[in-house]
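**Q** Dropping a prediction and its sequence here:
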Amino acid sequence: MPSLSQKYRPRLFAEVTGQRHVTETLRKEVATNTLGHAYLFCGPRGVGKTTAARIFAKALNCEQPQDGEPCNVCASCLAANAGKHMDIIEMDAATHTGVDNVREAIIEHVRFGPSQGKRKIYILDEAHMLSGSSWNALLKTLEEPPAYAFFILATTEWHKVPTTIVSRCQRFEFKRISDKDLGARVRETAKKEGWTIDDDVVALILSRSDGCARDAETLLGQVGSLGETHLDMGMANLVIPPNHRSVAAHLIRLWADRKHIEALQEVQRLFDDGIPVLPLFDDLLFISRRLLLAPAEPELVEQWKHGTDDERLSVDLVGRFLPMELNDLSLLLLERRRDIKGGVDPLFALQLVSTVAANGLLRYAQEHRQERSDVDDPPRPPLVSEKEAPLVAPPSQNHGQADTVAPVSKERPSTPEEPAPLVEVSPSESSSTNDAPLDLHIVRGKWNAFVRAVDEKNHSLPFILKISRPESVEGTRLTIRFQYPFHRDKILADVKHLRVVEECARDIFLCPTLKLDGIVGEDPAQKEARSQDMVGTILKAFGGQVVE
C-alpha cells in the first residue's frame, strides 16, 4: 500500500505546497518556451524538489500543456505519471557515484534522440553524492548538450556541487514549508482519507516535521493507521515517537536555579529510566536556541503561551539566562554532544554539562549572578568597629558655606553614655578609606575572568595577559610579571592600552583605584624548579648521580 506522500504526490505545479516562487517560474518558462538546459534544485529534504522535477519533466513533454501546466491526460503525461516514460530518466546519484555509472547512464545515452516524447530529461537525485571524476566526465555534456536534452539536479547540499557545474545551471532554492501551509496540507490530506483530526494533533505533527511535507504526511499516516476515523492526542501519543523537551526544560530550570545536586539526581534518574542521552542533548539545544530567539522576537513568546506543552514550558525560562550565557551553554552542549559521538560516556557528558551550568561556571554566569544579587540585595556599607568608624554628619544644606569640622572638647573625655562628636569627612577621604587592599589569591583566582573582560574590548591584548601572571600586590597596586619587555611596553607604555586594562582590572577585582605595574623575566622559583627537572632528566637518562 503506498504511503500518503506517494498517494497524494502533486501532479501539477499549483499543487506543490509552499514553493510558489519556484513553481511559478518553471510554469512560465514552459508556457513561454524560454528554457534553460540545466537546472539545480536545492533545499531541505522533503519539501518538493524531486516532485517539482518530475512535474517539470512531464510538462516539457506534454502534448497539450495548459498555460505551462501538464494536462495529465495525454499519452506522455499518463506514462510519466505511471513512471514508464522512456525519455524521463531518473537516476539516484547516492547509489551511482562512479564515473562508469555516469558514462553509461547519461553520457553515452544522451547521444540518442528521444523515443517517446519530444525532449529527453535526466533527473539526478542527491546530485552532491557524485564523485569528482563523475562531475568531470559530465561537465562537457552538461555544458553543451543536444537541443532535446535537459538536466535537473536535485540536492540537499548544493555547496558540495562543483562551482563549474553550478555556474552552468539555473539554481532554484526550495524553502522549508511554513506551519500555515503545511497545516492546511495535513488537514486536506486527512479530509481526503475520511478522517477528522484535532488541532492539537496537527500542531504535534507540525512540531515534529520541521517544515518537511514528507515527514508530516508520514506521521499523519502513522496516526491514521490505527483504523479510527477521529484522530485525537490519545491516538497520536501511541504512535508518534515522544520527544523529551519537557524533561529538558525541567533540567534547564534546575540549572537556572543553581540546584547542582538536584540536577545531577535528575540526570541519573533520566538515565536509569532509559531515556537516550543523545536525543536529549538535541532537545536541550532546541530549547536553548528557542530562548536565544525570544528576546529578538517577542511575538514568539505570545505564541508559545498558547502552543504545545513544550512551548508553554519554555515561556517560564525566558529571561532566566543572559544571551551571552545561553550562547556559552549552547556551545557547551554542542561540544559534549560531539564528545559522545567520539566515544565519551553519554551519562558522564551530561553530568559535566550539569555541573558547569548549575554551579554558574559558564563564562558569563558570574556576571549574571552579580547582576541579580545587585537587584535582590542592595549594597550594604562595610562593618567596622565603633572605635574606628568616623561619625559622618549629614551633608550641609547650605551649599554656599564651606564644610567645617566640629571641634572636639579637650576638657573632659566623652563617656559611654554620651554620643561621640560628629566628624565630617571629605568625599576624597571617604573614598580612599573605603578602598580595600587587593588580595593576591583573589587576583589569581579571577585572572581568567579579567583576561576575558579585556578580550571584549581589545582582541590583541589577551594573548599577552594569558602568558603573564600577577606577581604581587601592594595596597591597590598590582604588579604583573611579563615574559618579554615588549609585552610590558605594549600593556603599560601605551596609554590607550593601559586605560583599557586598568578599567577591566578595576571592574573584575572590585578596586576603583587600582594601578598596574610590571616586571620582566621568569619567576626565580620556576626557573630553579625547571633547572632541577633538567638535571634530574639528565641523571636519569645517563644513570648518573650528584656527587658532593
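**A** Cool, the structure landed.
**Q** Can you give me the domain assignment for the protein?
**A** 4-173, 179-239, 245-361, 440-525 (automatic domain parsing).
**Q** Alpha carbons only: can I get stretch 303-317 in PDB?
**A** This file holds the C-alpha atoms of stretch 303-317, laid out as PDB (Å, rounded to 0.1, in the frame of the first residue of the first chain):
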ATOM      1  CA  GLN A 303       2.600  32.200  20.500                       C
ATOM      2  CA  TRP A 304       4.300  29.800  22.900                       C
ATOM      3  CA  LYS A 305       1.800  30.600  25.700                       C
ATOM      4  CA  HIS A 306      -0.900  29.100  23.500                       C
ATOM      5  CA  GLY A 307       1.200  26.500  21.800                       C
ATOM      6  CA  THR A 308       2.300  22.900  22.500                       C
ATOM      7  CA  ASP A 309       3.200  21.700  26.000                       C
ATOM      8  CA  ASP A 310       7.000  22.100  25.500                       C
ATOM      9  CA  GLU A 311       6.400  25.600  24.100                       C
ATOM     10  CA  ARG A 312       4.500  26.600  27.200                       C
ATOM     11  CA  LEU A 313       7.200  25.200  29.400                       C
ATOM     12  CA  SER A 314       9.800  27.300  27.600                       C
ATOM     13  CA  VAL A 315       7.900  30.500  28.500                       C
ATOM     14  CA  ASP A 316       8.900  30.200  32.100                       C
ATOM     15  CA  LEU A 317      12.600  30.000  31.200                       C
END
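**Q** Convert the C-alpha atoms of stretch 245-254 to PDB, please.
**A** Provided in PDB are the C-alpha atoms of stretch 245-254 (Å, rounded to 0.1, in the frame of the first residue of the first chain):
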ATOM      1  CA  ARG A 245      11.600  18.600  25.600                       C
ATOM      2  CA  SER A 246       9.500  18.800  28.800                       C
ATOM      3  CA  VAL A 247      12.200  16.800  30.600                       C
ATOM      4  CA  ALA A 248      14.900  19.000  29.000                       C
ATOM      5  CA  ALA A 249      13.000  22.200  30.100                       C
ATOM      6  CA  HIS A 250      12.900  20.900  33.700                       C
ATOM      7  CA  LEU A 251      16.600  20.200  33.600                       C
ATOM      8  CA  ILE A 252      17.400  23.700  32.300                       C
ATOM      9  CA  ARG A 253      15.200  25.100  35.000                       C
ATOM     10  CA  LEU A 254      17.300  23.300  37.700                       C
END
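**Q** mind listing what's buried in it?
**A** Within stretch 245-254, the residues that count as buried by 16 or more other CB atoms under 10 Å are 245-249, 251-254. Backbone N, C-alpha and C define where each C-beta goes, glycine included.
**Q** Format the domains of the chain as a markdown table; extra columns: mean pLDDT.
**A** As requested, those are exported to a markdown table (pLDDT from 0 to 100):
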| stretch | mean pLDDT |
| --- | --- |
| domain 4-173 | 91 |
| domain 179-239 | 89 |
| domain 245-361 | 86 |
| domain 440-525 | 86 |
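**Q** show me where the chain has strands.
**A** 38-42, 88-92, 120-125, 149-155, 170-173, 196-197, 230-231, 469-474, 477-482, 515-520 (DSSP state E).
**Q** could you say what helices and strands the last one packs with?
**A** The one in question is strand 515-520. Helices and strands touching strand 515-520, by 3 or more CB pairs under 8 Å, 6 or more residues apart in numbering; DSSP states H and E, are strand 477-482, helix 485-488, helix 495-509.
**Q** how far is it from where the chain is centred?
**A** 40 Å (CA atoms, centre = their mean, to the nearest Å).
**Q** In it, which residues are buried?
**A** Going by 16+ other CB under 10 Å, strand 515-520 has these buried residues: Gly518.
**Q** now do the longest one
**A** Of the residues in strand 149-155, those buried by neighbour count under the rule 16+ other CB under 10 Å are 149-155.
**Q** Tell me the one of these nearest Arg171?
**A** For the buried residues of strand 149-155, the closest approach to Arg171 (CB to CB) belongs to Leu153, at 9.4 Å.
**Q** I'd say the closest one and Gly36 touch.
**A** No: counting by CB atoms under 8 Å, Gly36 is not a contact partner of Leu153; they are 12.0 Å apart.
**Q** anything in contact with each of the two?
**A** Between them, Leu153 and Gly36 share these contacting residues under CB atoms under 8 Å, 6 or more residues apart in numbering: Cys169.
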